[in-house]
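**Q** Fold the following.
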Amino acid sequence: MKLKPIAKIKFLLRAIQRTIVVMQRKHSLRFFSEYRRMIKTCLWLEKGSQEYLNRQFFNMSDKELQTIYDNEVRETVEKRTWKQNWRRQLGLLSKYASAEYDSTYKKSRARKAMYEREYGISKDCIIQYGVMITSAHYRQGKLNVGHYVVFARNIDIDITGDLTIEDYVEIGEGSKVLTHNHKAGLHESFPECMPTSLVIRDHVLIFSHAVILPQTQEIGRHAMVAAGAVVNKPVPPYALVGGVPAKVLKFIASVDEIVKFEEEHYPPEQRIPIEVLRENERVFLNSK
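**A** Now for the predicted structure:
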């Protein structure tokens, strides 16, 4: 029976996946020969395909095929573990993130305990209803949250990539924080997921319905993001940004005032040099 190209590819993928599942259940490498036979049996159907030309399975040694097998098994186990954890966390969020858990003090404490247990968010943070912390595409980065952070209601926080939120940050109602992107261009299937990292420094104010895109990378200390802003670039310290896409509208204080403020509230090793503050003012304001 002659299969169409798309049907051949689907047949190949299903066959490899079935073999991996069988080997995982048996926990034995005596099925490796069956795995190799399955690859060769399936790939001859795809001799003219891009996959065959790129990977050249027929020219591989047993050691190379063993490496492919190990990687396939590892990726399958990691995806299964991620999916189980994702479903468990989604079930907890659907319960504890509901408005019902704002109704009593006891229930609000139970909600905080869940976020502390699952995400490491300390109990001195304020968490209103509808705060969804999720990951996607079989990836989950590291979430680090400081003290006295305020999560207003109906916030979506993506932790596919790494996310750090420092002390005294406030995230307004309906805001979204994203930490993964997708590779642009022509794709045979789904575009590749590209996790990113984001750092939100201390005393940042993000007002309602703002969107922090993966390209942001960092929001400097004491910065303010206006309501409805879409941030796609790093935000300098002490800046007010707004608009779509977000731009620096002004700095919340003069350079001299910021220097005096930092001398009073930060140790010398954590202060921003005055040269950096003046350069930020020149680049973001005087260049308009």
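**Q** give me every residue that touches residue 124.
**A** Taking CB atoms under 8 Å, 6 or more residues apart in numbering as the definition of contact, the neighbours of residue 124 are 147, 148. To be clear about C-beta, it is placed using only N, CA and C from the backbone, and glycine gets the same treatment.
**Q** So what would you say the end-to-end distance of stretch 258-278 is?
**A** Across its full length, stretch 258-278 reaches 11 Å end to end, with CA to CA, to the nearest Å as the criterion.
**Q** Can you give me the buried ones in it?
**A** Within stretch 258-278, the residues that qualify as buried are 258, 259, 262, 271, 272, 277, counting by 16 or more other CB atoms under 10 Å.
**Q** Surely the fifth one is within a helix?
**A** Going back to what we said before, that points to residue 272. No: assigned with DSSP: H, G, I helix; E, B strand; the rest coil, residue 272 falls outside any helix and is coil.
**Q** ok, it to residue 279 distance?
**A** 11 Å (CB to CB, to the nearest Å).
**Q** repeat for residue 246
**A** Going from residue 246 to residue 279 by CB to CB gives 20 Å.
**Q** quick one: which of those two has more around it?
**A** Here residue 246 and residue 279 are set side by side on neighbour count (other CB atoms under 10 Å), and the busier one is residue 246, at 24 against 12.
**Q** phi, psi of the more buried one?
**A** Torsion angles at residue 246 (phi, psi; degrees, to the nearest 10) stand at phi -70, psi 140.
**Q** Surely it is in contact with residue 225?
**A** Yes: under the criterion of CB atoms under 8 Å, residue 246 lies in contact with residue 225, with a separation of 6.9 Å.
**Q** Now do the shared contacts for those two.
**A** Between them, residue 246 and residue 225 share the neighbouring residues 231, 235, with contact defined by CB under 8 Å, 6+ apart.
**Q** For the stretch 1-150 of the chain, give me the ranges with low pLDDT.
**A** Counting by pLDDT under 70, the ranges of the stretch 1-150 of the chain that qualify are 1-62, 65-66, 68-69.
**Q** Okay, strands next: where are they in the stretch 1-150 of the chain?
**A** Using DSSP state E, counting those that start in this stretch, the strands found in the stretch 1-150 of the chain span residues 126-127, 132-134, 143-145, 150-151.
**Q** Could you export the ones you listed as a markdown table, including mean neighbour count and distance to residue 99?
**A** As requested, the strands of the stretch 1-150 of the chain are exported to a markdown table (neighbours: other CB atoms under 10 Å; distance: least, CB to CB, whole Å):
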| stretch | mean neighbour count | distance to residue 99 |
| --- | --- | --- |
| strand 126-127 | 20 | 13 |
| strand 132-134 | 17 | 13 |
| strand 143-145 | 18 | 22 |
| strand 150-151 | 20 | 14 |
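**Q** All set, thanks.
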